[in-house]
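Peer 1: Structure of the sequence below:
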Amino acid sequence: MRGVILCGHTHIPRVVTIDGGLVINPGSVGAPACGDDEPVAHVMEAGSCHARYALPGRLASGWKVDLRAIPYDFEEAALQAERAGRPDIAFGARTGRVPRSGF
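Peer 2: Modelled structure (predicted):
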């Protein structure tokens, strides 16, 4: 593989080189933590409630990637989740983590 692949879904900001190519995942804009039982039980946690994005740039020597994290009104997002009956999502919005105990 050569070139750049932009991806998401894991909620984890990361830049890795695979077979000479670059894989960029900026993280999550508004869901810094999630879990599911399908296809197998898994948890994804950014560990931060910031909104994230990536700025890739081409240089003569290769690629430069700036992973950025910016604050947003995560408390308002958490309150909306609580009003919708989703305390688990509210916890994730506030902490970037999946709750370890049930709600």
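Peer 1: so who does Cys34 touch?
Peer 2: Residues near Cys34 by CB atoms under 8 Å, 6 or more residues apart in numbering: 11, 43-44, 92, 98. Glycine gets a C-beta too; all of them are placed from N, C-alpha and C.
Peer 1: meant to ask about His50, not that
Peer 2: Contacts for His50 were tallied using CB under 8 Å, 6+ apart; they are 32, 69-72, 74, 96.
Peer 1: Relative to Arg2, how far out is it?
Peer 2: Distance of His50 to Arg2, given as CB to CB, to the nearest Å: 32 Å.
Peer 1: Over to Tyr53?
Peer 2: Distance, Tyr53 to Arg2, by CB to CB: 24 Å.
Peer 1: More neighbours: these two, which one.
Peer 2: The neighbour count for Tyr53 versus Arg2, taken as other CB atoms under 10 Å, is higher for Tyr53 (14 against 7).
Peer 1: Quick one: neighbours of the closest residue to Thr17 other than its chain neighbours, just the number.
Peer 2: Distance criterion CB to CB, 6 or more residues apart in numbering; nearest residue to Thr17, sequence neighbours excluded, is Val23 at 7.6 Å. Residues lying near Val23 (other CB under 10 Å) number 15.
Peer 1: and the contacts of His50 as JSON lines, adding distance to Ile18 and neighbour count?
Peer 2: Putting these into JSON lines (distance: CB to CB, whole Å; neighbours: other CB atoms under 10 Å) gives the following:
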{"residue": "Pro32", "distance to Ile18": "25", "neighbour count": "28"}
{"residue": "Ala69", "distance to Ile18": "24", "neighbour count": "15"}
{"residue": "Ile70", "distance to Ile18": "28", "neighbour count": "9"}
{"residue": "Pro71", "distance to Ile18": "32", "neighbour count": "9"}
{"residue": "Tyr72", "distance to Ile18": "31", "neighbour count": "13"}
{"residue": "Phe74", "distance to Ile18": "32", "neighbour count": "20"}
{"residue": "Gly96", "distance to Ile18": "26", "neighbour count": "20"}
